[in-house]
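Participant: Predicted model, plus sequence, below.
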Amino acid sequence: MTLHPTHNLSVEELDRQSVFHPFTALAQHNESGPRIMVSGSGVRLKDRAGREYIDALAGLWCVNIGYGRTEIAEAVDRQLRELPYYHSFASMGTEPAAHVADRLKRMLPGEMGRVFFGLSGSDANDTQVKLVWYYNNLLGRPRKKKIIARKRAYHGVTVAAASLTGLPVLHNAFDLPIDRILHTVTPHHYWNAEPGMSEEDFARHCAAELDALIEREGPDTVAAFIAEPVMGAGGVIVPPKGYFQEIQKVLKKHDVLMIADEVICGFGRLGRMFGCEVFGIEPDMVTVAKGITSGYVPLSASVVSEKMWQVLMEESRTLGVFGHGYTYTAHPVSCAAAMANLDILEGEKLADRAAETGAYMQTLLRETFEGQPAIGEVRGIGLIAAVELVADPAARTPFDPALKVAGRVAARALDNGLITRALPNGDSLAFSPPLVISRADVEACVERLAASIAGVRDELI
Ligand code: PLP
């Protein structure tokens, strides 16, 4: 092998000169370079300089079982030796794919029909969009195609998934969203409810807004509604009481499909296996990714109800082959990893553990931060939470975005050995640790966040 001359450069320098980083301030990165992680165990990560961090975000909300579980490595190793790759086009298949699909169908609430595998949450949501369009064409409803998402939702970055996402940073200068994708109100009581409005009234208000949007567009043109049970990247927004019940009444009235995006909430994060169970969501389609393999290898799935499946199957007799799929759909190595991951999640009852540790984390966060200077709202459920900073809590005045308050807190937290994340839109810091986190580590996370917030507060005041 010929060594490239740049190989006497540091890894940081190689990265800086060559890697195009996602969701990164490109010019700033070009000056400052990367932070390279080298190993992980449980909830802890180490970087190349030997610094240790508690990863309070589980990577990108995905390492549910924690780092360093050798069971996954062993399952992947076995599958790589046995059959590293085979596809699932044209009726071919592999053993791990059949097992994961069957297991997922049995785990999910409702009567699910079939599981279509992808590699990321984004591609799985893209598949959902295509399936919604395909399904309505098969039903002879070519006008019923619009899909409604929510402002601040996060559904991914591919052309269709980024269009579903309701965050300007994913649309600006990308010529998105595409047509036939609309956004309704964010169910965030703190910011969007009128003063004195109860959660239940606000839920009804959100449903009325959705109803009005569907009426304006024409119910015969609206095909589906997509929602994360708890909005993740858009701010960790827990819906107000009764929200999904009210929303589902509207969807039923207009014959609109419900797509549950369980990419973050699925596999235990909210203290139940799926977010749909927590909020009484009855989905027609479910998107999963992240926690299905705890991020160890890529895998996602677009799951359709038995009712939809029957239409897709019957109509294929006249339409012919289903023209969609990836080289890596149902990748056997990813599916083997998923089986080992689900064994751990179910065997160690990690959803129950998330409920218990999560309740502790929610209480501790509220006790520590509520009523403190510059704290707007502390919110969350199970092992997902956000602390939102505002300039004036009494008047609910946000900070000037140019101050990048949350970004500064996140940077200080890194220096304090804590990985959290400043979310786009407002100044919120997110917690979404591995489900195996201990109470002692929850306490360490909260202490480190408090110190980081106090540091930034001192700078600002
Ligand atoms: N849906 C939700 C709810 C997500 O949080 C994400 C990613 O964070 C996605 C979809 C997109 O997944 P991916 O980054 O794997 O494409």
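Facilitator: Ah, there it is. Numbers count the residues shown, from 1 in each chain.
Participant: helix or strand right after the helix or strand of the chain with the lowest mean pLDDT?
Facilitator: Here the helix or strand of the chain ranked lowest by mean pLDDT, DSSP states H and E is helix 26-32, holding a mean of 93. Moving toward the C-terminus from helix 26-32, the next helix or strand (DSSP states H and E) is strand 37-41.
Participant: for the stretch 151-300 of the chain, which spans come out with low pLDDT?
Facilitator: The model of the stretch 151-300 of the chain has no residue with pLDDT under 70.
Participant: What does the closest residue to residue 296 other than its chain neighbours show for phi and psi?
Facilitator: Nearest non-adjacent residue to residue 296, counting by CB to CB, 6 or more residues apart in numbering: residue 72, 4.7 Å away. Bear in mind the C-beta positions are built from the backbone N, C-alpha and C, glycine included. Recorded main-chain torsions at residue 72 are phi -70, psi -40, according to degrees, to the nearest 10.
Participant: what's near enough to touch residue 72?
Facilitator: Shown in contact with residue 72 (CB atoms under 8 Å, 6 or more residues apart in numbering): 65, 293-294, 296-297, 337, 340-341, 344.
Participant: go with 10 Å
Facilitator: If you count contacts by CB atoms under 10 Å, 6 or more residues apart in numbering, residue 72 has them with 65, 293-294, 296-297, 336-341, 343-344.
Participant: try residue 60
Facilitator: Residue 60 makes contacts with 22-23, 121, 232-233, 264, 290, 295, 421, 432, as judged by CB under 10 Å, 6+ apart.
Participant: What count of nearby residues applies to residue 32?
Facilitator: Residue 32 has 11 neighbouring residues, counting by other CB atoms under 10 Å.
Participant: Revised request: answer the last question for residue 142.
Facilitator: That count, for residue 142 with other CB under 10 Å as the rule, works out to 9.
Participant: Now it. Nearest residue, chain neighbours left out?
Facilitator: residue 136 (7.0 Å).
Participant: Which element, helix or strand, includes that neighbour?
Facilitator: Going by DSSP H and E, residue 136 is in helix 121-138.
Participant: repeat for residue 430
Facilitator: In the assignment (DSSP H and E), residue 430 maps to strand 428-431.
Participant: related to what we said a few turns ago, among the contacts of residue 60, the buried ones, what's the ChimeraX command?
Facilitator: In ChimeraX, this line selects whichever of the contacts of residue 60 come out buried by 16 or more other CB atoms under 10 Å:
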select :121,232,233,264,290,295,421,432
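Participant: Next step: the contacts of residue 60 restricted to strands.
Facilitator: Among the contacts of residue 60, the members falling in strands are residue 421 (criterion: DSSP state E).
Participant: Now distance to the ligand too, for the contacts of residue 60, in CSV please.
Facilitator: Converted to CSV, the contacts of residue 60 look like this (distance: CB to the nearest ligand atom, whole Å):
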residue, distance to the ligand
22, 9
23, 10
121, 2
232, 5
233, 5
264, 4
290, 6
295, 9
421, 11
432, 10
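Participant: What is the most widely separated pair among the contacts of residue 60?
Facilitator: 22 and 432 (18.1 Å; CB to CB).
Participant: Let me have the contacts of residue 60 in JSON lines, adding distance to residue 52 as columns.
Facilitator: Output for the contacts of residue 60, formatted as JSON lines (distance: CB to CB, whole Å):
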{"residue": "22", "distance to residue 52": "25"}
{"residue": "23", "distance to residue 52": "24"}
{"residue": "121", "distance to residue 52": "29"}
{"residue": "232", "distance to residue 52": "26"}
{"residue": "233", "distance to residue 52": "26"}
{"residue": "264", "distance to residue 52": "25"}
{"residue": "290", "distance to residue 52": "24"}
{"residue": "295", "distance to residue 52": "20"}
{"residue": "421", "distance to residue 52": "18"}
{"residue": "432", "distance to residue 52": "19"}
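Participant: how far out from the middle of the chain is the one helix or strand residue 17 maps to?
Facilitator: Assigned by DSSP H and E, residue 17 belongs to helix 11-18. The chain centroid and the centroid of helix 11-18 are separated by 29 Å under CA atoms, centre = their mean, to the nearest Å.
Participant: ok, now stretch 26-45?
Facilitator: Centre-to-centre, stretch 26-45 and its host chain are 21 Å apart (CA atoms, centre = their mean).
Participant: try stretch 160-174
Facilitator: 15 Å.
Participant: quick revisit: most neighbours out of the contacts of residue 72, which is it?
Facilitator: Counting by other CB under 10 Å, top hit in those: residue 338 with 31 neighbours.
Participant: That one contacts residue 290, correct?
Facilitator: No. Taking contacts as CB atoms under 10 Å, residue 338 lies outside contact range of residue 290: 11.3 Å.
Participant: overlap in contacts of those two?
Facilitator: The overlap between the contact sets of residue 338 and residue 290 (CB under 10 Å, 6+ apart) consists of 267, 299.
Participant: Using the three-state scheme, assign residue 379.
Facilitator: At residue 379 the chain is in strand, as set by DSSP: H, G, I helix; E, B strand; the rest coil.
Participant: gap between it and residue 212?
Facilitator: 27 Å (CB to CB, to the nearest Å).
Participant: who's more crowded, the two?
Facilitator: Remark: of residue 379 and residue 212, residue 379 carries more neighbours, 22 against 12, as counted by other CB under 10 Å.
Participant: Going C-terminal from the strand holding residue 430, what's the next secondary structure element?
Facilitator: helix 439-460.
Participant: Counting by contacts, list what that following helix packs against.
Facilitator: Here helix 439-460 touches strand 52-55, helix 350-369, strand 384-389, helix 405-415, strand 418-419, strand 428-431, going by 3 or more CB pairs under 10 Å, 6 or more residues apart in numbering; DSSP states H and E.
Participant: ok, and which of the ones you listed has the densest surroundings?
Facilitator: A comparison of these by mean neighbour count, using mean count of other CB atoms under 10 Å, puts strand 384-389 on top with a mean of 27.
Participant: is that one anywhere near the ligand?
Facilitator: No. Judged by CB under 6 Å from any ligand atom, strand 384-389 makes no contact with the ligand; its nearest approach is 10.7 Å.
Participant: Which strands and helices lie in contact with that strand?
Facilitator: By 3+ CB pairs under 10 Å, 6+ apart, strand 384-389 packs against helix 350-369, strand 375-381, helix 405-415, strand 421-423, strand 428-431, helix 439-460.
Participant: JSON lines please, covering the ones you listed and showing mean pLDDT.
Facilitator: Listed next are those as JSON lines, based on pLDDT from 0 to 100:
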{"stretch": "helix 350-369", "mean pLDDT": "98"}
{"stretch": "strand 375-381", "mean pLDDT": "98"}
{"stretch": "helix 405-415", "mean pLDDT": "97"}
{"stretch": "strand 421-423", "mean pLDDT": "95"}
{"stretch": "strand 428-431", "mean pLDDT": "98"}
{"stretch": "helix 439-460", "mean pLDDT": "95"}
